[in-house]
Each structure stands twice: as C-alpha cells, then as structure tokens.
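Engineer: got a predicted structure plus its sequence, pasted below:
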Amino acid sequence: MITITGTGLSIEDVVAIARGGESIAPLPPEARARMDRSLDWIATAVAEGERKIYGVNTGFGALSDTSIPAAEAGRLSRNLILKCCAGSGPPLAEPLVRAMMAIRASTLARGLSGVRPELAESLIRMLNRGVTPFVPGKGSLGASGDLAPLAHIAVVLTREPDGSDREDHSGRAWFEGRLLSGAEAMEAAGIPRLAPGPKEGLALTNGTTFMLAAAALAVDEAERLLDHADIAAALSLEALLALSSAFHPLLHEANGQKAQADAAARIRTLTYGSRLIDSDPSRVQDAYSLRCVPQVHAPARDAVAFIRSRVESLLTGTSDNPLVFPEADGGGRVISGGNFHGQGLAFWHDLMGIVISEVASLSERRCFRLLTPELNSGLPAMLVANPGLDSGLMLGQYTAAALVSENKTLAHPDSVDSIPSSANQEDHVSMGANAARHALEILDNVRTVLAVELVTAAQAVELRERGPDRLGRGTAAAFRQIRSRVRFLEHDRPLTPDIEAVADLIGSDTILAEVRQALGEEQRRS
C-alpha cells in the first residue's frame, strides 16, 4: 500500500498506482495538519477581505483585476472548474488519468495550496474505488496549468456550492467497466462529491499534472523499451552473422562514454555463447545499424536518465498558483508566480520523443537488412522459402517504416511553439501537453517497431542451419518467448496478430524477464 505524504511520489509509485491498481493509504495526520494550516490562513484572509488574492477573491487570467465578494468565493471555484471543461478529442488512457489523480493528491497534500484535506482524500478514495474520470486528451496549453484535463477530473469530484447538483455538470467517469455521468459514478462508488470552497477550484486545476503524469509513465515505458531494443538488436546481430569486434570493450572505453561501454557490454552478455556471431569469414565490417548500436542506444539511455532525474524532482514539488506559506514572515503570506508553467516538461517530452524515435529508426533498418538478400548474408528474400508466390515478412517492414516516418513528424518539437491566450495576460505558453501526447504516441509506435524486428529476427534465425541451437544465452531465451506466441512463417498469413502478440510480450516484460532469468542462471553456473 502506497502512502501519499505530500513530500513526493517516486516514478515507481506513480506507475504502481496508474497501471497496477496499487491501493493508497489514508492521508497521514502530518499531511492533514499542513493542509489545515494553509486552509486556515486562506479562510482568515477571505473573511478579513483586506488582501487581493488571485483566484480567491479575484477573477482569472485577464480578469484578475476584477474583485469577487467573499460570499461568492465558492461559486468562483466551481465556475472555474466548469469553464475549464473545454477539452476535446479521444479520452486519455485510464492509467494516465489515474497517474494525474495520484500526483494531484500528492501536490495538495504538500500543504501549500490552501485547501481542505478532503480534496486529497477524495482523490485517494476515487483511486481506491476505481472511479476514473473521462478526460479528453486535447486542450491544454501547458501553462496556467493543465487546465482542461484537470478540470475534467475536478468536475467529477465537485458539485454546486449550495450542495445542489446538475448531472450534466458532473462530467463523466468509468466505474466497474461502465461509463457513467460523474454524479452516477461517485454515487455508485459511495464517494460524496464536494462543494468547492475558496481557492479549491484553482488548486484542482492549476498545475502541470497531466504533463508530469505523462512524463512519469513515459520514463518507465522508455526504460523498458530500451531494454527490449538491446534484445532485438542482439537477436538481429545473430541472424545477420554480425562481427563481435564492434562491441569490444577497448573500443568503447576509448570513446570515454560510460553508457556506451555499458551498452556494448549488454550486447556481449546477450550474445554470450553464440556460434552465429563471427561465423561469416568473409565479413570485414558491418553496416551502421549493426555496429553502431551502442553509439545510438547509449545516448538515448543517458537522455532518459536525465529526464527521470527531472521528473523525480518535480514529483516532490508543488505546481499551483498562488501558493500559501502560512508560517512565512511571522504572519504568513501568499505568493503568486508561475510554477504552473510547463516549459521544462515540454523540453523533456520533446527530448524523449526525439531519442526514442531514433532507437526505432535503427531497428527498422535492421529489419530491412534482414529481408534483403543482397544484405542478409545468404538468407532468402523476404525470409520465406518460396519468395514470389509468398511475400513473407515484407509487409512487416512496411509497417515499421510507416511508424518510423510518423515518429519523425511527431518528434518535431512542440516546445518551440507558443500562442498567447487570455487577452495576452498569458502571453507565452509551453505547449507541453501536446509534447506529452506526442511522446506517448511515439513510445507506442516504438513498441510496435521493436515487435516487428523481433518477429523478423526470429524468422531469420530459424532459416539458418541449426540457427536456434547456435544462439547466445540471452538471445536464445528471447527466441523461445517469441516462438511461444508466434510460429515460424512457412506461407503468407496475416502478420498483425504476430506483431501484436510480440508487442504484448514487450508490454508485459515477459521477454525481458525470460532473458534475465536465463542470464542469471548462466552467471550462477559460472
């Protein structure tokens, strides 16, 4: 059980809640106490009416100079949520919405937002009971917070200030496999919806939570895909009778890049014991897509590791505006600023998309080489015994090429764009939400490209004389897992089920687990 303390979540916590359905403990007393202190400060400031506090007793954005009576502070919060429910497009995946809810609960529990503990507790109850709001994927500018995505969560959580309700103002949510109105879903789950108080509408919507949730899931996915990219490359190296010299430790130590040396070491480990590697005596040097695997995979890993460090730091922070510091300067203070601006996340999502796209680009080139008789060291065209009548795995490479090409478009940086909004009060925005969606789409494409390579390389290995028996320890384990789901291609058949089956193996880490077990057993024997 994970506890949201308000002092930060790890990426692994977010993934466990989002994808694994991990239960969350009740909000701890220290988090409640912090929230109560900032809540009391806001309540006192509103009652006194002497301070202008953005979004508490003023309007929003270009309307921030408009004063709002204290009696209308709750209505202001609810109106903000309703007006920000302007998202469009297909809904975000449920794990991503769950990640957003967990991160927002953690942000509120930090105690700098001036809101009731019940808001964080309600998000926790929704996660534990399986109420997942329907959140349209498009509409955030990546500044002023991810307003639209967060509002589509907040509208399910909240109701009218007077306690009344309108079902058509409650959003939508999944509960027990059904898409219901937000009001129906919360009632079915036994979770009361809250009438928002001063600042609570702002605190529920004004943060980089969609971008951050997407980044946490993207880092986890990228790390696992990079592990599978090493396996796919190693299996292709075996199928193409590649030279081991390009992975010699002296070569990589000479370049002074530790990650590159580590990448070469992983390939050596995966192919340890191979009798296919170095078996072509006429070979002098391999193509770049084979011998330069460490030089491409290593900087990609370095980039993902950097992004991980930034995401972990943000998961301990607070993106809201304004922030309440009830113990500052003796009597406390509220500070307006720009922690809701997602420029950093926009950069990091763009970087993620760029580096992972290149991993897939290299993978597709190996697929092409495997299928081409002039390049594949004696294998039949399209890796089928009777080419011409049968087209073999030709179309698998087409799919990989299409996805690699799409990734090039998706990897165009969103972070360099900005369109001003709110009468130029919000005159520079990050477009980080678009970058997040594109990075996640690239990762999905890369999984499929790697699946195509694994299917293709397994077919090529089996066409070699006693090929499966001549594989290295790690690649042999990967081959067994592929063959557990995809049979050898003797004649043309639909390839989509084969590609999807291996993509599922990648997504479940089944291949990776089998390879690690095999290598662990080898290390124990040695």
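Structural biologist: Looks like it came in fine. Residues are numbered from 1 along each chain as shown.

Engineer: switch to C-alpha atoms for all contacts and neighbour counts from now on
Structural biologist: Will do.

Engineer: domain parsing for this protein?
Structural biologist: For the chain, automatic domain parsing gives the domain ranges 11-207, 214-321+351-525.

Engineer: the first one - what's its average pLDDT?
Structural biologist: For domain 11-207, the per-residue pLDDT values average out at 94.

Engineer: now the terminal residues of that domain, how far apart.
Structural biologist: From its first residue to its last, domain 11-207 covers 18 Å (CA to CA, to the nearest Å).

Engineer: distance check, residue 392 against residue 491.
Structural biologist: 7 Å.

Engineer: please disregard the earlier target; I meant residue 12.
Structural biologist: Distance from residue 12 to residue 491, by CA to CA: 44 Å.

Engineer: what do you get for residue 196?
Structural biologist: Relative to residue 491, residue 196 is positioned 64 Å away (CA to CA).

Engineer: higher neighbour count, these two?
Structural biologist: Under the neighbour definition other CA atoms under 10 Å, residue 196 and residue 491 were set side by side, and residue 196 has more, 29 against 14.

Engineer: what secondary structure does the more buried one sit in?
Structural biologist: Assigned with DSSP: H, G, I helix; E, B strand; the rest coil, residue 196 falls in the coil class.

Engineer: how about the contacts made by it?
Structural biologist: Going by CA atoms under 8 Å, 6 or more residues apart in numbering, residue 196 touches 74, 75, 77, 78, 158, 159, 160, 161.

Engineer: export those residues to a markdown table and append columns for distance to residue 225, neighbour count and secondary structure.
Structural biologist: Listed next are the contacts of residue 196 as a markdown table, based on distance: CA to CA, whole Å; neighbours: other CA atoms under 10 Å; DSSP: H, G, I helix; E, B strand; the rest coil:
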| residue | distance to residue 225 | neighbour count | secondary structure |
| --- | --- | --- | --- |
| 74 | 46 | 22 | helix |
| 75 | 47 | 20 | helix |
| 77 | 42 | 27 | helix |
| 78 | 42 | 25 | helix |
| 158 | 39 | 28 | strand |
| 159 | 42 | 23 | coil |
| 160 | 45 | 20 | coil |
| 161 | 47 | 19 | coil |
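
Engineer: where in the stretch 201-350 of the chain is pLDDT low?
Structural biologist: For the stretch 201-350 of the chain, not a single residue meets the criterion pLDDT under 70.

Engineer: tell me which stretches of it form strands.
Structural biologist: 323-325, 333-335 (DSSP state E, counting those that start in this stretch).

Engineer: out of those strands, nearest to residue 293?
Structural biologist: Closest of the strands of the stretch 201-350 of the chain to residue 293 is strand 323-325, at 47.0 Å (criterion: CA to CA).

Engineer: residue 417: neighbour count?
Structural biologist: 11.

Engineer: using the three-state scheme, assign it.
Structural biologist: coil.

Engineer: what's near enough to touch it?
Structural biologist: Contacts of residue 417 (CA under 8 Å, 6+ apart): 429, 430, 431.

Engineer: out of these, which are inside strands?
Structural biologist: Using DSSP state E, no member of the contacts of residue 417 falls within strands.

Engineer: which of these has the most neighbours?
Structural biologist: When neighbours are counted by other CA under 10 Å, residue 431 leads the contacts of residue 417 with 27 neighbours.

Engineer: related to what we said a few turns ago, pull up the overlap in contacts between residue 392 and residue 491.
Structural biologist: residue 384.
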